[in-house]
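Undergrad: Give me a model of this one.
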Amino acid sequence: MLGKTHLAVGVAASLLFTQPKSWEELALAVGVGGIGALISDIDVDTSGSHKYANKIIIFAVLAVVGIYAAEKIWNIGITAQILSDTNYIRIAIGTILFIAVCAFGKQQPHRSFMHSILALAILSFAIGLVWTDLVPYFMIGFASHLITDIFNYKKVRLLYPFSGGLAFKLFHTNGLANGIFLSIGTILTVIQVILYSYHIFCA
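TA: Residues are numbered from 1 along each chain as shown. Take a look at the predicted model:
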């Protein structure tokens, strides 16, 4: 699946399974769920798409900036929650670990380490060091990426570093199914954002 499809499906899944009940949770479901849905494909740089890997990094930065802006404008309480649940040393260690894992994964073959349960576990641990509340959103987004990719023809090495992989070989990466997944993910995301926003506003 293409990046925009992973993003739409990942955010839709994050919203569906976390069911945000506040502006803070809604912002995290969209931002962190989106990062989780895209970060696996940072390894596409090794298969000739440096520009695409850069887009993923840019989205991650924009998501963080967007959440920070929402915090400053609407004071949704994210900063206070983070500082009450962790400390600067854990934040620093978690951030460094996350960057280091992504740097390593970026140099690996596509759909290997960054598409594995091992990467999901290590990255989730790193994020948990920063703030444990972020973990569910990230894990759901990341898992949605792995699940949609296994429907393609190229194998996904879920059990990296073990050889072999899983591929159902039902859809091509940029075929009709990609458009269907993109449409469904986008529609579900828009509907859920509207519904959750309404319930939060009326609460």
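Undergrad: CA only for contacts and neighbour counts going forward, please
TA: Fine.
Undergrad: got the buried residues for the one helix or strand Phe104 maps to?
TA: Assigned by DSSP states H and E, Phe104 belongs to helix 88-106. For helix 88-106, the neighbour count (16 or more other Cα atoms under 10 Å) marks Arg90, Ile91, Gly94, Thr95, Leu97, Phe98, Val101, Cys102, Gly105, Lys106 as buried.
Undergrad: ok, the second one - contacts?
TA: With contacts defined as Cα atoms under 8 Å, 6 or more residues apart in numbering, Ile91 is in contact with Leu129, Val130, Trp131.
Undergrad: 10 Å instead?
TA: Ile91 makes contact with Ile82, Leu83, Leu97, Ala126, Ile127, Gly128, Leu129, Val130, Trp131, according to Cα atoms under 10 Å, 6 or more residues apart in numbering.
Undergrad: do the fifth one as well
TA: Under the criterion of Cα under 10 Å, 6+ apart, the neighbours of Leu97 are Ile91, Ala103, Ile122, Leu123, Phe125, Ala126, Ile127, Leu129.
Undergrad: Does the second one touch Asp43 like I think?
TA: Yes. With contact defined as Cα atoms under 10 Å, Ala103 and Asp43 form a contacting pair (9.1 Å).
Undergrad: one step back: report the mean confidence score over the helix holding Phe104.
TA: Average pLDDT, helix 88-106: 89.
Undergrad: Just the C-alphas of it, formatted as PDB.
TA: The C-alpha atoms that make up helix 88-106 are tabulated as PDB, following Å, rounded to 0.1, in the frame of the first residue of the first chain:
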ATOM      1  CA  TYR A  88      13.300  14.700  31.300                       C
ATOM      2  CA  ILE A  89      15.800  11.800  31.600                       C
ATOM      3  CA  ARG A  90      13.300   9.200  30.400                       C
ATOM      4  CA  ILE A  91      12.100  11.600  27.600                       C
ATOM      5  CA  ALA A  92      15.700  12.000  26.500                       C
ATOM      6  CA  ILE A  93      16.500   8.300  26.500                       C
ATOM      7  CA  GLY A  94      13.200   7.400  24.800                       C
ATOM      8  CA  THR A  95      13.800  10.000  22.100                       C
ATOM      9  CA  ILE A  96      17.400   8.900  21.500                       C
ATOM     10  CA  LEU A  97      16.300   5.200  21.300                       C
ATOM     11  CA  PHE A  98      13.500   6.000  18.900                       C
ATOM     12  CA  ILE A  99      15.800   8.000  16.600                       C
ATOM     13  CA  ALA A 100      18.500   5.300  16.800                       C
ATOM     14  CA  VAL A 101      16.100   2.500  15.900                       C
ATOM     15  CA  CYS A 102      14.700   4.500  12.900                       C
ATOM     16  CA  ALA A 103      18.300   5.300  11.800                       C
ATOM     17  CA  PHE A 104      19.100   1.600  11.900                       C
ATOM     18  CA  GLY A 105      15.900   0.600  10.200                       C
ATOM     19  CA  LYS A 106      16.300   3.200   7.400                       C
END
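Undergrad: how much distance is there from it to the middle of the chain?
TA: Here helix 88-106 is found 15 Å from its chain centre; the criterion is Cα atoms, centre = their mean, to the nearest Å.
Undergrad: Many thanks, we can stop here.
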